[in-house]
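Asker: My questions concern the predicted model and sequence given below.
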Amino acid sequence: ESVTVVVIGAGPAGLTVATLLRRCGIDCVVLERRSRAHVAQRQRAGIVEARAVRMFESWGLADRVLDGPPHDGILEFRVDGESHLVADRDGSAGSGARLCPQQVLVRNLTDAYLADGGDLRYEAADVTVHGLTGDRATVRYRSADGTRYAIGCAFVAGCDGEHGVSRGSVPDGVLTAHTFDHGIGWLTVLADAPPPPRPLLAVSPQGFAAHFPRGPHSSRYYLQCPPDDQPAAWPEDRIWDALRTRLADPALPAGPITDRETFRLRSLVSDPMRYGRLFLVGDAAHIVSPMGGKGMNLALYDADLFARAVRDHVRDRDDTALRTYSERCLRRVWSDQEFSHWLTRTVHDAGDDTRCGPFLRRLARARLDRLFTSPTAAQAFAELMTGLDPAPDR
Ligand code: FAS
């Protein structure tokens with residue numbers, strides 16, 4: 001078998017790459033380790049930022065792949081129970097963010113890709129990558145019935161997330177991994193409980209909490225916890241008590257909890273995001289803490305750049321975009337890492353100062369005060385939330 005691109009992974013990155021390539025008439029195969037049912041139910045991100053919405057519009061895909069109401073462009077910060085509404089729309093003409101849960105986007109991309117005749121193979125096991133610096137690469141895998149395949153390709157899109165095989169296919173010493181650990185834990189909870197009218201970030205002396213919409217009848221909550229905490233330390237009563245206290249909302253309605261997990265807030269950036277014929281896309285290249293909702297949106301950004309670069313190569317015999325892919329993606333990655341880091345420190349240091357001390361707590365409070373009172377600071381915040389780059393890609 002031989003195709004132009006083999007895509008490893010059918011999450012937001014892989015399916016966006018594959019769907020965009022199909023739009024360009026470029027042949028590709030998607031190899032996904034898990035079943036379609038498993039991938040379709042994985043609930044994570046909940047907002048497609050304005051830049052990504054406009055990206056899908058530019059490909060004529062927005063109506064097919066984006067569901068969910070437009071985000072009204074307002075975030076609520078609740079500091080010690082006091083509410084502050086902050087715009088996260090930058091005022092530019094054009095579509096704003098959409099409250100489209102990640103699993104809905106993934107399902108719609110899957111349908112669009114298959115409807116366009118896309119080749120998507122689930123339960124592809126033992127994927128390995130070969131010949132990345134040769135004339136053609138080869139991707140090998142074993143299908144669910146045990147048959148072994150080898151696919152020749154011009155490019156491999158490593159869209160297999162943080163624990164995939166593609167980044168590991170790069171020889172030692174080529175990639176630099178930049179990592180940061182905030183020393184902060186989060187308990188994240190999904191519940192069939194009424195969503196808030198808008199995303200809510202709460203700062204309290206007991207620690208950070210957040211309440212985000214995840215569809216018309218679901219909510220995602222975050223609760224700051226010790227970095228090594230486990231879900232078992234959080235029985236339902238404790239979860240709802242902590243949320244009502246930190247969100248300063250004693251009447252917060254509860255609901256059946258459908259998922260709970262704990263994780264550490266940390267970041268990872270792999271540099272470069274390319275090795276020969278392998279291009280790393282999304283979480284396979286970078287991890288950002290969910291603060292600011294940038295993880296999935298960065299995956300969509302990378303996917304768009306990669307698909308356009310392959311289109312330029314195939315249609316125009318122009319490899320400029322392939323050569324600059326890593327540099328251009330990393331410029332955006334570091335900008336979003338910085339924003340997420342700033343927001344993470346601000347909303348955590350401003351609350352519980354047992355972790356950071358009173359001096360850093362005062363700095364964080366000053367940053368919030370500036371955000372709530374300075375139109376310039378608010379505009380800078382809104383620009384970063386939309387993902388719209390004031391200085392278009394170089
Ligand atoms: P993914 O991990 O989504 O997809 C990788 C795919 O590759 C998976 O389907 C996997 O099965 C497959 N795969 C792995 N190894 C393979 C192999 N060897 N062979 C074949 N296939 C393989 N981001 C936001 O923007 N906003 C948020 O609010 C947000 N909240 C989050 C909450 C949680 C609890 C978590 C864990 C993440 C959150 N994220 C959020 C980040 C998250 O959404 C990721 O950024 C996003 O899934 C990245 O998409 P992909 O790069 O496609 O990686």
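Answerer: Sure thing, it's come through. Numbers count the residues shown, from 1 in each chain.
Asker: Within range of the ligand, give me the residues from the stretch 151-300 of the chain.
Answerer: For the stretch 151-300 of the chain, the residues found near the ligand under the criterion Cβ under 6 Å from any ligand atom are 159-161, 164-165, 188, 282-284, 290, 293-297, 299. For every residue, glycine as well, the C-beta is placed using N, CA and C.
Asker: Mind naming the longest helix for the chain?
Answerer: For the chain, the helix that runs over the most residues, judged by DSSP state H, is helix 320-349.
Asker: Spit out the contact partners of the closest residue to residue 62 other than its chain neighbours.
Answerer: With sequence-adjacent residues excluded and distances taken as Cβ to Cβ, 6 or more residues apart in numbering, residue 62 is closest to residue 56, at 4.2 Å. Listed by Cβ atoms under 8 Å, 6 or more residues apart in numbering, the contact set of residue 56 reads 48, 62, 65, 66.
Asker: Same list, those, but as a markdown table with neighbour count and distance to the ligand please.
Answerer: Formatted as a markdown table, the entries for the contacts of residue 56 read as follows, by neighbours: other Cβ atoms under 10 Å; distance: Cβ to the nearest ligand atom, whole Å:
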| residue | neighbour count | distance to the ligand |
| --- | --- | --- |
| 48 | 31 | 8 |
| 62 | 17 | 17 |
| 65 | 23 | 14 |
| 66 | 21 | 14 |
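Asker: sorry, back to before: which ones among the residues of the stretch 151-300 of the chain next to the ligand map onto helices?
Answerer: With helices taken from DSSP H, the overlap with those comprises 295, 296, 297, 299.
Asker: Quick check: the residue nearest to residue 327 when sequence neighbours are not counted vs residue 170, distance?
Answerer: Taking Cβ to Cβ, 6+ apart, and ignoring the residues beside it in sequence, residue 327 has residue 272 as its nearest neighbour in space, at 7.9 Å. Noted for residue 272: a distance of 9 Å to residue 170, by Cβ to Cβ, to the nearest Å.
Asker: ditto for residue 223
Answerer: Using Cβ to Cβ, we find residue 223 at a distance of 37 Å from residue 170.
Asker: So between those two, which is more surrounded?
Answerer: Set side by side, residue 223 and residue 170 show unequal neighbour counts under other Cβ atoms under 10 Å, the larger going to residue 223 at 25 against 19.
Asker: Do you know the pLDDT at the more buried one?
Answerer: Note for residue 223: predicted pLDDT of 98.
Asker: Of the ones in helices among the residues of the stretch 151-300 of the chain next to the ligand, just say which sits nearest to the ligand.
Answerer: Of all those, the one with the least separation from the ligand (Cβ to the nearest ligand atom) is residue 295, at 2.7 Å.
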